[in-house]
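*Asks:* Here is my input, please return the structure:
(chains A, B and C)
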Amino acid sequence: MSVTVSTTVYEGPFDLLLNLILREEVELYEVSLSTIVDAYLAELERLEVCDLEKTTEFLLIAAILVELKTRRLLPVDDRFDVDDEFGLWEERDLLLARLLECKTFRDAAVSLRRMAAEAARSSPRRAGIEDRFLHLAPDLLAGVSPVDLRAACIRALTPRPVFHVDTEHIAPIRISVADAVGELAAELPRRGSVTFRRLTAGITDRIEMVVWFLAVLELYKQGVVEIDQAASFGDIHVSWRPGAGAGDVDLVDAYEG
Amino acid sequence: MDPEVAGGPDDGVRRAIEAILMVAVDPVEPNLLAQLLEMPTRRVEAVCDGLADWYEAEGRGFALVRVGGGYRFQSHPDQASWVERFVLEGQHSRLTAAALETLAIVAYKQPISRAQVSAIRGVDVDTVIRTLAQRGYIEEVSRDPGPGNALMFGTTREFLVRMGIDRLADLPSLGDFVPGPEVVEALERGLLAGPDVVDAEVPVDDRS
Amino acid sequence: MDPEVAGGPDDGVRRAIEAILMVAVDPVEPNLLAQLLEMPTRRVEAVCDGLADWYEAEGRGFALVRVGGGYRFQSHPDQASWVERFVLEGQHSRLTAAALETLAIVAYKQPISRAQVSAIRGVDVDTVIRTLAQRGYIEEVSRDPGPGNALMFGTTREFLVRMGIDRLADLPSLGDFVPGPEVVEALERGLLAGPDVVDAEVPVDDRS
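*Replies:* Reported below is the predicted structural model:
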């Protein structure tokens, strides 16, 4: 199923998720992650000057989806950790609560917009007092000194604080999932088994890390690698399945998560 | 004939109020009117409400409304198209959906800190908060007594005026917006699909 | 009953005029009303005069008068004592922080247009500019030579008197204070022909 994601159709990170889920037949599992990542990258390209707020929102939603999807893609066997499972449910409930809250305020905002539009149909009287009463009006500058005026001027002309966000984490992604799959297919048969940690040593960019992780999952889906994690938070061992050739790998054109 | 029209017991009060509201720039609080006219606030309110009803019944092109804690004259909403022709200067620029959502959160949860708004919206709200403050819809109202002493924001009188309401209590109840069971269910279905569902779709056989 | 009250042939016109005059800040010329309402000036005048008579006959606390070439609502002369009380007791007796900042910008950056002040302050300043002008602190001093011929404002002699200084040069210097880029841009823009003109070619304001 293809879901078109446009950054202009949502406001706030949970909005996208809301839209996707509430569009009835869309299962989160079926939402194409690559569509979202691609849209994000395209948006970054398009925005010569980054709209940081928008890109950050985008990143956040992408991260949430990645997290949820990876959880579902990961094999669940009978050795699953009860605590992990419990934590997962707890996290889902939290997310659900947040989504409900988000929806509540989104609807409240729609209502505010309607109220404001209705109120804007009337304009207030603001002609003020007639000239004949002006002499009665108190001197508004009583107690204001030239120094106060200077302070007010500086206050008004001071550069507005620049909205600063650490842009490191939203640097454009250099590698696509398809690229990573290709590289892994070329590299892994030679190396046999390697930990994910080692595989991604030197990568500090979280999104790039996610890209590599998705690539590994893709290979796992295709049945050419095995994944093994001995303990929670322990190293993930990725091993090329004996007998599988690099040629068996379907070099995804566009990753369809 | 309506007692507000002429000669009634409140006739002098009515005329004074009409004159004062005609020169006022901001909504005039009933308390102030009561103080100036030396009479109970309740009587002032009764006269004002009577006047408002009378203008409406008479089909005047203007209205007397209670907004932002006071009374004011304004053009009648159904004359909006004529007033727009006359007022050439641009109307208030519209708020973005993001700004409105933030505004809704501040309105219903005030006093609230930037970080708290941020937590609900899931994004950094610094820019939006600054825009809203600059437009005069919200302002710093206090400091969080807890650690960090975060600035707490609340809505302004300007906000009430822009929403066309008299006080915060006139906002629709937040409960009206809590999603219905069908939405909750849809969200649950979307989010909580358990491992069972997933299992069926993952190529289990290939796990060796 | 008077034909202006309701349902008469001019009812729609009457309501539109009431609405427009209610929001107008200055007297509105009958020509302008005629143009907006797409009807002969004489008919507009007839409706306005009819309205004025009717308010008077009804004993409203306000009046519709023809003054300075146009029509406007104002408080009824016989309510002057109440309005005086309101002006003396009800008005804010100090400038708001926002108004003071606007005055300061005009004082230090004059001559400056309303649009420039608005761009610097990030909000609509019409009402504040009007209040400051009405109080005699600022006035129109020239017109922007560029297209649009925006009115340029400066401070008055009255302002100097209130500040207790002899001339503008006596205002304390802003020193080496550097204004924000949006301020520089706003000041530059006013000197330009139009929005199409490239900003980069305009010399930076050297007055500050």
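
*Asks:* make it CA atoms for all contacts and neighbour counts henceforth
*Replies:* OK.

*Asks:* Get me the contact residues on chain B for chain C.
*Replies:* Within chain B, the positions adjacent to chain C are B:5-6, B:14-20, B:22-23, B:32, B:36-37, B:58-62, B:73-76, B:79, B:82-83, B:85-86, B:134-135 by C-alpha under 8 Å from any C-alpha of the partner chain.

*Asks:* shaky segments in chain B?
*Replies:* Applying pLDDT under 70 to chain B flags the ranges B:1-9, B:88-93, B:189-208.

*Asks:* run the last query once more with 80
*Replies:* B:1-9, B:87-95, B:122-124, B:134, B:146-148, B:182-208 (pLDDT under 80).

*Asks:* got it, and chain A?
*Replies:* For chain A, the stretches with pLDDT under 80 are A:1-99, A:134-135, A:137-140, A:159-178, A:190-192, A:199-211, A:229-235, A:242-257.

*Asks:* Can you name the residue of it nearest chain C?
*Replies:* Nearest residue of chain A to chain C: A:Pro159, at 3.5 Å (C-alpha to the nearest C-alpha).

*Asks:* Helix or strand: which one has that residue?
*Replies:* Using DSSP states H and E, A:Pro159 falls within no helix or strand.

*Asks:* Does it touch C:Phe177 like I think?
*Replies:* No. Look at A:Pro159 against C:Phe177 with C-alpha atoms under 8 Å: they stay out of range, at 10.4 Å.

*Asks:* more neighbours, those two?
*Replies:* For A:Pro159 and C:Phe177, the more surrounded residue by other C-alpha atoms under 10 Å in any protein chain shown is A:Pro159, and the numbers stand at 15 against 11.

*Asks:* Which residue, other than its chain neighbours, is closest to the more buried one?
*Replies:* Spatial nearest neighbour of A:Pro159, excluding adjacent residues (C-alpha to C-alpha, 6 or more residues apart in numbering or on different chains): C:Gly180 at 3.5 Å.

*Asks:* and what of A:Ser239?
*Replies:* Closest to A:Ser239 by C-alpha to C-alpha, 6+ apart is A:Ser193, at 4.0 Å.

*Asks:* Tell me who's in contact with that neighbour.
*Replies:* By C-alpha atoms under 8 Å, 6 or more residues apart in numbering or on different chains, A:Ser193 lies in contact with A:237-240.

*Asks:* Backbone dihedrals for it, please?
*Replies:* Per-residue torsions, A:Ser193: phi -120, psi 140 (degrees, to the nearest 10).

*Asks:* roughly how far apart are the spatially closest residue to B:Val67 that is not a sequence neighbour and A:Val225?
*Replies:* Once flanking residues are discounted, B:Val67 sits nearest to B:Asp166: 4.0 Å by C-alpha to C-alpha, 6+ apart. According to C-alpha to C-alpha, to the nearest Å, B:Asp166 stands 66 Å off from A:Val225.

*Asks:* Show me which of those two is the more surrounded one.
*Replies:* Higher neighbour count among B:Asp166 and A:Val225: A:Val225, with 26 against 19, using other C-alpha under 10 Å.

*Asks:* near chain C, which residues of the stretch 1-150 of chain A?
*Replies:* For the stretch 1-150 of chain A, the residues in contact with chain C (C-alpha under 8 Å from any C-alpha) are A:123-130, A:133-134, A:136-142, A:144-147, A:149-150.

*Asks:* Help me confirm that A:Ala156 comes into contact with C:Leu103.
*Replies:* No. A:Ala156 is not in contact with C:Leu103 according to C-alpha under 8 Å; the separation is 10.2 Å.

*Asks:* quick one, helices of chain B?
*Replies:* Under the criterion DSSP state H, chain B contains helices at B:11-23, B:30-37, B:41-58, B:80-86, B:97-109, B:114-121, B:126-134, B:157-163, B:181-192, B:195-201.

*Asks:* Show me what the fifth one is packed up against.
*Replies:* Right, the one you point to is helix B:97-109. Judged by 3 or more C-alpha pairs under 8 Å, 6 or more residues apart in numbering or on different chains; DSSP states H and E, helix B:97-109 is in contact with helix A:82-119, helix B:114-121, helix B:126-134, strand B:151-155.

*Asks:* 10 Å instead?
*Replies:* Applying 3 or more C-alpha pairs under 10 Å, 6 or more residues apart in numbering or on different chains; DSSP states H and E, we find helix B:97-109 packed against helix A:82-119, strand B:112-113, helix B:114-121, helix B:126-134, strand B:138-143, strand B:151-155, helix B:157-163.

*Asks:* Looking at the ones you listed, which is nearest to B:Pro172?
*Replies:* Taking C-alpha to C-alpha, helix A:82-119 is the member of the helices and strands packed on helix B:97-109 nearest to B:Pro172, at 8.3 Å.

*Asks:* Please identify the buried residues of the following helix or strand past the closest one?
*Replies:* Later in the chain than helix A:82-119, the nearest helix or strand by DSSP H and E is helix A:146-157. Within helix A:146-157, the residues that count as buried by 16 or more other C-alpha atoms under 10 Å in any protein chain shown are A:146, A:149-154, A:156-157.

*Asks:* So is helix A:146-157 next to chain B?
*Replies:* No. Against chain B, helix A:146-157 shows no contacts by C-alpha under 10 Å from any C-alpha of the partner chain, the least distance being 11.7 Å.

*Asks:* Residues contacting that helix, please?
*Replies:* With contacts defined as C-alpha atoms under 10 Å, 6 or more residues apart in numbering or on different chains, helix A:146-157 is touched by A:145, A:158, C:97-109, C:117, C:120-122, C:160, C:162-165, C:170-174, C:177-184.

*Asks:* 6 Å instead, please
*Replies:* For helix A:146-157, contacts defined as C-alpha atoms under 6 Å, 6 or more residues apart in numbering or on different chains pick out C:101, C:104-105, C:179.

*Asks:* could you check the angle helix C:97-109 makes with it?
*Replies:* 100 degrees (axes from the mean of the first three to the mean of the last three C-alpha atoms, to 10 degrees).

*Asks:* and the following helix or strand past helix A:146-157, what other elements does it pack with?
*Replies:* Per DSSP H and E, the first helix or strand lying C-terminal to helix A:146-157 is helix A:177-191. Here helix A:177-191 touches helix A:206-221, going by 3 or more C-alpha pairs under 6 Å, 6 or more residues apart in numbering or on different chains; DSSP states H and E.

*Asks:* ok, is the helix it packs on in contact with chain B or not?
*Replies:* No. Figure legend: helix A:206-221 not in contact with chain B (C-alpha under 6 Å from any C-alpha of the partner chain); closest approach 6.7 Å.

*Asks:* Can you list the buried residues in that helix?
*Replies:* Those would be A:207-221, for helix A:206-221 by 16+ other C-alpha under 10 Å.

*Asks:* and if you look at stretch A:194-206?
*Replies:* A:195-196, A:199.

*Asks:* hmm, who's touching it?
*Replies:* A:236-238.

*Asks:* Show the contacting residues for the residue nearest to B:Val67.
*Replies:* Residues near B:Asp166 by C-alpha under 6 Å, 6+ apart: B:66-69.

*Asks:* ok, of the residues you listed, which one's closest to chain A?
*Replies:* Nearest to chain A out of the contacts of B:Asp166 is B:Val67 (C-alpha to the nearest C-alpha; 9.9 Å).

*Asks:* Tell me what that closest one is bridged to.
*Replies:* Per DSSP bridges, the residues bridged to B:Val67 are B:Gly70.

*Asks:* who's in contact with it?
*Replies:* With the criterion set at C-alpha under 6 Å, 6+ apart, B:Val67 makes contact with B:161, B:164-166.

*Asks:* Distance-wise, check the residue lying closest to A:Ala215 once chain neighbours are set aside relative to A:Tyr220.
*Replies:* Leaving out its chain neighbours, the residue that sits closest to A:Ala215 by C-alpha to C-alpha, 6+ apart is A:Val181, at 5.0 Å. Look at A:Val181 and A:Tyr220: by C-alpha to C-alpha, they are 11 Å apart.

*Asks:* Just the ones of the buried residues of stretch A:194-206 in strands?
*Replies:* A:Thr195 (DSSP state E).
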